[in-house]
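# just the structure for this:
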Amino acid sequence: MTASSLSSWLRLPRPKSFFGFMSLQTGTELISIALLFNKATGIYGILTLFTGYSLSALQITAYLGSIFVLLTLAVCIPHIRQRSPLQNLALAWVYAIDTLVSAGYTAAFATTWYLASMHDTKGPAGAEDDVSSPSNGDVQLDPSQEAQVKAGTTVHDTAASMVLIVALTLIRIYLTLVITAYARMVLLRFVDEQMSDSKEVADVSPDPFAVGAPLGEGWRGRLGRAMVSIGKGYWLGGKKEDEEWTRQVNSKFRSTRD
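So this is what the prediction gives:
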């Protein structure tokens, strides 16, 4: 296996559409709006502090993070249709980081729930009470049989929960790939339209946030350079001829000429 083929296998997936029938732009808008409603719960979580309800440090950080993501979405969502490079890049990074943080919180809560259910003498669904009580007409089981029933119930509930958690996590990862793919497309189109005179180096497009580049001025330029510097080969790598948006533009150009 050559180095080029190996790198193609190891590179981050780049979806070309949203679920195969919607554009990346539409998918990014729908995903962002869904996350906007989801993170709105952070406001209600913070309001509970004023009612005297006690929250753990983990809950407080989760609610504060939700508010930060909510503010970022409010700023970046209008720029999805405008194809603003900085805002779409920031949206992709915030969504990716939120995916990792949410996965961490989910793992922490799932572990806590699992350990609590294992130490609960009544089982996660009160299995021991149900099987040991003769009031419902069933035969009372001995302690060894009760332990077997309880263990079976615990394993079943845990397996179902784990399957659901893994499925939701995989969906969230796919949505992250859609948003990052759209941000990458916005960056490459901006470079193609505004920096067409610049030369590519080793199949990597010029950085639009570099010093002296169209988007390289001020704090926005510094922020853009910081975000692009991590995974630069993904954000600016690849040949323009291989991109879906390039083929779409070329087809529209040929249709107008005809």
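
# what comes into contact with the host helix or strand of Val228?
Secondary structure assignment for Val228, by DSSP states H and E: helix 218-229. For helix 218-229, the external contacting residues (CB atoms under 8 Å, 6 or more residues apart in numbering) are 85-86, 89-90, 93, 187, 207-211, 213, 215-216, 235-236. C-betas here are computed from N, CA, C, even on glycine.

# name the helices or strands packed onto whichever helix or strand Thr99 is part of?
Under the criterion of DSSP H and E, Thr99 resides in helix 85-119. Counting contacts by 3 or more CB pairs under 8 Å, 6 or more residues apart in numbering; DSSP states H and E, helix 85-119 is packed against helix 24-39, helix 57-76, helix 78-82, helix 143-194, helix 218-229.

# for that helix, buried residues please.
If you call a residue buried by 16 or more other CB atoms under 10 Å, then helix 85-119 has these buried ones: 85-96, 98-99, 102, 114, 117.

# now stretch 170-187
Judged by neighbour count using 16+ other CB under 10 Å, the buried positions of stretch 170-187 are 172, 175-187.

# farthest pair within those residues?
By the measure CB to CB, Arg172 and Leu187 form the most distant pair in the buried residues of stretch 170-187, at 22.9 Å.

# before we move on, back to that, specify the angle between the helix holding Thr99 and helix 57-76 in degrees.
Orientation check (axes from the mean of the first three to the mean of the last three CA atoms, to 10 degrees): helix 85-119 against helix 57-76 gives 160 degrees.

# between helix 24-39 and helix 85-119, find me the angle.
For helix 85-119 against helix 24-39, the angle by the same axes, to 10 degrees is 50 degrees.

# got the angle for helix 85-119 vs helix 218-229?
Using the same axes, to 10 degrees: helix 85-119 against helix 218-229 is 60 degrees.

# average model confidence for helix 85-119?
Summarised as a single mean, pLDDT over helix 85-119 is 86.

# with stretch 177-189 instead?
Per-residue pLDDT over stretch 177-189 has a mean of 94.

# kindly export it (C-alpha atoms) in PDB.
Provided in PDB are the C-alpha atoms of stretch 177-189 (Å, rounded to 0.1, in the frame of the first residue of the first chain):
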ATOM      1  CA  LEU A 177     -18.500  15.700  10.000                       C
ATOM      2  CA  VAL A 178     -21.300  17.400   8.000                       C
ATOM      3  CA  ILE A 179     -20.700  20.800   9.600                       C
ATOM      4  CA  THR A 180     -16.900  20.600   9.300                       C
ATOM      5  CA  ALA A 181     -17.200  19.500   5.700                       C
ATOM      6  CA  TYR A 182     -19.400  22.600   5.000                       C
ATOM      7  CA  ALA A 183     -16.900  24.900   6.800                       C
ATOM      8  CA  ARG A 184     -14.100  23.400   4.700                       C
ATOM      9  CA  MET A 185     -16.100  24.000   1.500                       C
ATOM     10  CA  VAL A 186     -16.700  27.600   2.500                       C
ATOM     11  CA  LEU A 187     -12.900  28.100   3.100                       C
ATOM     12  CA  LEU A 188     -11.900  26.500  -0.200                       C
ATOM     13  CA  ARG A 189     -14.500  28.500  -2.200                       C
END
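
# need the contact list for the nearest residue to Ala213 once chain neighbours are set aside.
Using CB to CB, 6 or more residues apart in numbering and skipping the chain neighbours, the partner closest in space to Ala213 is Asp207 (6.3 Å). Counting by CB under 8 Å, 6+ apart, Asp207 touches 213, 216, 225, 228, 232, 236.

# now swap in Leu12 and tell me
Contact analysis of Leu12 by CB under 8 Å, 6+ apart lists 177, 180, 231, 234.

# on the three-state scheme, the closest residue to the last one other than its chain neighbours is what?
What that stands for is Tyr234. Closest residue in space to Tyr234, ignoring its immediate chain neighbours: Leu12 at 5.5 Å, by CB to CB, 6+ apart. Classification of Leu12 by DSSP: H, G, I helix; E, B strand; the rest coil places it in coil.

# quick one: contacts of whichever helix or strand comes after the helix holding Val228?
Downstream of helix 218-229, the first helix or strand assigned by DSSP H and E is helix 232-236. Helix 232-236 is contacted by residues 11-12, 89, 180, 183-184, 187-188, 191, 204-207, 228 when judged by CB under 8 Å, 6+ apart.
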